[in-house]
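Q: Sharing a model prediction with you, sequence too.
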Amino acid sequence: MTWLITGGAGYIGAHVARAMTAVGERVVVLDDISSGVPERLPEEIPLVRGTVLDRELLDRTLAEHSVTGVVHLAARKQVGESVEQPLRYYRENLHGLTLLLEAVVEADVKQFLFSSSAAVYGVPEMDLITESAPCEPINPYGETKLAGEWLVRATGRAHSLSTACLRYFNVAGSARPELADTGVFNIIPMFFDRITRGEAPRIFGADYPTPDGTCIRDYIHVADLAEAHLAVARRLAEQDGAGDLTVNIGRGTGVSVRELADLVAEVTGFTDRPVVEPRRAGDAARAVASVDLVAKELGWTASRGVREMVGSAWEGWCLRHPAARLN
């Protein structure tokens with residue numbers, strides 16, 4: 001098979017591309033390089049520069065590379081930005097997905113893996129979030145992911161595609177320093193950014209109904225996430241144009257923000273106590289995945305812990321910010 005990975009030069013995409021090629025899968029990447037980094041990809045992986053909004057480019061890429069399966073990662077993914085720019089999010093995330101699926105159907109591609117998000121659940125009130133939990137997203141980003149799932153499944157049923165929707169929880173860490181996340185949008189790089197500037201990390205809210213008062217989240221190492229994609233891709237290839245799968249991708253273990261801050265202090269040596277600021281709107285007290293279904297369906301479980309996530313993320317951060325080690 002040959003897999004097209006959209007957004008394959010991004011933080012998650014490059015890990016997925018490398019994991020798939022490491023076991024002999026043929027891969028081609030489509031990325032507009034708006035947030036992707038071409039140097040993340042080894043030379044043997046073809047990189048097509050462009051967007052899923054370009055239908056002619058999609059048709060040409062699928063044909064020229066004889067693509068037989070698609071892993072769709074390309075999307076806008078910042079919650080706050082989605083609230084400010086909903087039209088952009090619906091255009092790029094949902095209209096782009098529509099054009100891609102149209103091209104996939106036209107090219108008779110039969111395997112399609114969609115990068116979804118735990119944001120589809122909204123603010124659930126349960127100990128472990130199962131895939132059957134109500135989906136009530138509270139921002140345009142989550143809405144586009146949920147609508148995207150609907151569209152992927154409906155297209156699969158109508159056109160005999162094997163489809164899968166992976167609901168990621170909080171992705172962190174790096175398989176190699178040069179592959180680390182370059183953005184400062186998630187909590188671990190946000191902590192690192194404050195440390196690098198000589199400022200104490202910030203905790204948003206310490207009065208939640210949790211053991212230490214801070215939010216609890218499920219963190220998944222990006223290398224584990226990449227291996228999950230490989231397991232799902234192989235399942236889709238076996239199904240050969242039939243069936244759909246929707247699974248959570250997490251560890252099934254919660255870590256509080258304060259626990260994470262303590263671990264960051266241990267790894268970095270920066271021991272200033274975090275500053276507690278008011279809660280942010282929309283933050284759930286607890287959001288931890290039930291991972292029973294993915295284990296049952298694929299025999300896959302995450303193997304890397306939070307310390308490895310923080311340590312590997314710090315190595316990647318210091319590669320780009322050498323002065324951080326001196327603070």
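A: Looks like it arrived, so ask away. All figures in this text were calculated on a predicted structure; none of them were measured in a lab.
Q: which helix is the longest one in this protein?
A: Longest helix of the chain, by residue count under DSSP state H: helix 140-159.
Q: quick one: the helix or strand following that helix to helix 140-159, angle?
A: Moving toward the C-terminus from helix 140-159, the next helix or strand (DSSP states H and E) is strand 162-168. Counting by axes from the mean of the first three to the mean of the last three Cα atoms, to 10 degrees, strand 162-168 lies at 160 degrees to helix 140-159.
Q: ranges for the helices of the stretch 201-327 of the chain?
A: Taking DSSP state H, counting those that start in this stretch as the test, the helices found in the stretch 201-327 of the chain are 222-239, 257-268, 292-298, 306-320.
Q: would JSON lines of the ones you listed with mean pLDDT be doable?
A: Formatted as JSON lines, the helices of the stretch 201-327 of the chain follow (pLDDT from 0 to 100):
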{"stretch": "helix 222-239", "mean pLDDT": "96"}
{"stretch": "helix 257-268", "mean pLDDT": "96"}
{"stretch": "helix 292-298", "mean pLDDT": "97"}
{"stretch": "helix 306-320", "mean pLDDT": "97"}
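Q: The ones you listed into JSON lines, with extra columns for distance to Thr246 and mean neighbour count?
A: Quick note: C-beta positions are derived from backbone N, CA and C, even for glycine. As requested, the helices of the stretch 201-327 of the chain are arranged in JSON lines below (distance: least, Cβ to Cβ, whole Å; neighbours: other Cβ atoms under 10 Å):
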{"stretch": "helix 222-239", "distance to Thr246": "11", "mean neighbour count": "21"}
{"stretch": "helix 257-268", "distance to Thr246": "28", "mean neighbour count": "19"}
{"stretch": "helix 292-298", "distance to Thr246": "8", "mean neighbour count": "16"}
{"stretch": "helix 306-320", "distance to Thr246": "25", "mean neighbour count": "20"}
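Q: is it possible to export those helices to TSV including distance to Ala180?
A: Output for the helices of the stretch 201-327 of the chain, formatted as TSV (distance: least, Cβ to Cβ, whole Å):
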stretch	distance to Ala180
helix 222-239	9
helix 257-268	14
helix 292-298	25
helix 306-320	2
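Q: Minimum distance to Val52: which of those has it?
A: Comparing those against Val52 with Cβ to Cβ, the closest turns out to be helix 222-239 (17.8 Å).
Q: hmm, back to that, give the buried residues for the longest helix of the chain.
A: Buried residues in helix 140-159, counted by 16 or more other Cβ atoms under 10 Å: 140-149, 152-153, 155-156, 159.
Q: Can you dump the C-alpha atoms of that helix in CSV for me?
A: Coordinates of each C-alpha in helix 140-159 appear next as CSV, following Å, rounded to 0.1, in the frame of the first residue of the first chain:
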residue,chain,number,x,y,z
PRO,A,140,-15.8,25.5,16.8
TYR,A,141,-12.7,23.3,16.8
GLY,A,142,-14.5,20.5,18.6
GLU,A,143,-17.6,21.0,16.3
THR,A,144,-15.5,20.6,13.2
LYS,A,145,-14.0,17.4,14.5
LEU,A,146,-17.4,15.9,15.4
ALA,A,147,-18.9,16.9,12.1
GLY,A,148,-15.8,15.5,10.4
GLU,A,149,-16.4,12.2,12.0
TRP,A,150,-20.0,12.1,10.8
LEU,A,151,-18.8,12.9,7.3
VAL,A,152,-16.1,10.3,7.3
ARG,A,153,-18.5,7.5,8.5
ALA,A,154,-21.2,8.5,6.1
THR,A,155,-18.8,8.5,3.1
GLY,A,156,-17.5,5.2,4.2
ARG,A,157,-20.9,3.7,4.3
ALA,A,158,-22.0,5.2,0.9
HIS,A,159,-18.8,4.4,-1.0
